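Novice: Need the 3D shape of this:
(chains A, B and C)
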Amino acid sequence: MPEGHTVHRLAATFGDLFLGSRVSLSSPQGRFAAGSALLDGHVLVASEAYGKQMFLGFAPQPEAVPTEELRWLRVHLGLYGAWTFAGDPATAVVHAIGAPRKRVGERETVLAGGGGISSGASASPAPGDWEPPAPRGAVRVRLESEHACADLTGPTACEVLTTPEARAVQRRLGPDPLRPDSDPGRFVEAVVRSRSPIGVLLMNQEVIAGVGNIYRAEALFRAGQNPLAPGITVSREVVLDIWRDVAELMADGVRTGAIVTTRPEDRSRGEGLPDVGAPRRLARQNTDAEPGAVAREDSFYVYQRDGLPCRICRTPIALSVMATRNLFRCPTCQP
DNA sequence: AATAGATGCCAAA
DNA sequence: TTGGCCTCTATTT
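Specialist: Below is the predicted model of the structure:
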């Protein structure tokens, strides 16, 4: 269950692991057999994220190929999609999973050896002898190089596109706060010209690309903004502040692999506030066990904290539904 | 064993 | 607004 920060990490991971390498593609599950065949044996020459979508560029040979002639694998993880990586022991440790999967001990690392999640006992093979682990579950696509492999499960979109087709997809997306070339003004104008609630606009990928349900809820809380307010009623200044805040939060997310929107002083473990309670459902963070990582129950102001007291004013967090998704809000702090 | 639910999104009504 | 899709995990029976 990724928002944009996860996809940007994934694109970076593919760059680390496969850029410049010839890769084989297969579809262990079978549902992407035709697409895999189109790219099988090609060289990865580009790895990019636009909002929640990742584009991997392939060329038939390593020699320079005009951009117009590349083939692109477009992957959108949707709600459940995930990538898992494995690599030989010599391969640098990298990061990134899509959907959080709480298997004991799982981290954002490349799994050395053939054993999958907890490869454990078996002696590491010599780098040259590395064999990728057997696919686990319904693997739509496997990318495999000499030293690493990546398995995709459960994507909402996975297809091969030409360059113009890929561009057409990208053009329909709003500015992505994680891309340096993005124009905040496009976001601001789209919001202040719309009668839709700002809580809907933030989830609209044509308005801003990469924001999902957590960043929506948290950014609106941090702005003290009622999600129901029509965009047209919000000042440009406030909208621009929201852009800047989201950009910073998401950049943190890329760095750490986890969404953390609380300021240290607002976390229950910190000074000051008495324990404000754990959520009843334990959503997962990729970095739970990481030393220094912020615990999941301290990471958010409102997301999945319905019924719990607001960290600032103690009013119970309210839950409703907006744009088909759960919306969390503090009725007092976000009037 | 069965079900609910998840950081998403589309098409049909 | 609703149903459908994709997959896996945690919770409930």
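Novice: What residue in the stretch 101-250 of chain A comes nearest to DNA strand C?
Specialist: Relative to DNA strand C, the nearest point of the stretch 101-250 of chain A is A:Gly137 (2.1 Å; C-beta to the nearest atom of the strand). (C-beta placed from N, C-alpha, C; glycine too.)
Novice: Can you tell me the SS state at A:Ala12?
Specialist: helix (DSSP: H, G, I helix; E, B strand; the rest coil).
Novice: what's the distance between it and DNA strand B?
Specialist: To DNA strand B, A:Ala12 is 16 Å away according to C-beta to the nearest atom of the strand, to the nearest Å.
Novice: Please apply the same query to A:Ile312.
Specialist: Taken as C-beta to the nearest atom of the strand, the spacing of A:Ile312 relative to DNA strand B amounts to 22 Å.
Novice: wait, that residue sits on A:Gln334?
Specialist: No. A:Ile312 is beyond contact range of A:Gln334, at 10.5 Å (criterion: C-beta atoms under 8 Å).
Novice: isn't A:Asn204 right up against A:Gly174?
Specialist: Yes. Between A:Asn204 and A:Gly174 there is a contact at 7.4 Å, judged by C-beta under 8 Å.
Novice: Comparing the two, which shows the higher neighbour count?
Specialist: A side-by-side neighbour count of A:Asn204 and A:Gly174, using other C-beta atoms under 10 Å, places A:Gly174 first with 22 against 16.
Novice: List the contacts of that one.
Specialist: A:51, A:186-187, A:190, A:204-209 (C-beta atoms under 8 Å, 6 or more residues apart in numbering).
Novice: Give me the buried entries from those residues.
Specialist: A:51, A:187, A:190, A:204-205, A:207-209 (16 or more other C-beta atoms under 10 Å).
Novice: does stretch A:323-334 come close to DNA strand B?
Specialist: Yes. For stretch A:323-334, a contact with DNA strand B is found by C-beta under 7 Å from any atom of the strand, at A:324-326.
Novice: and that stretch, how far apart are its ends?
Specialist: 18 Å (C-alpha to C-alpha, to the nearest Å).
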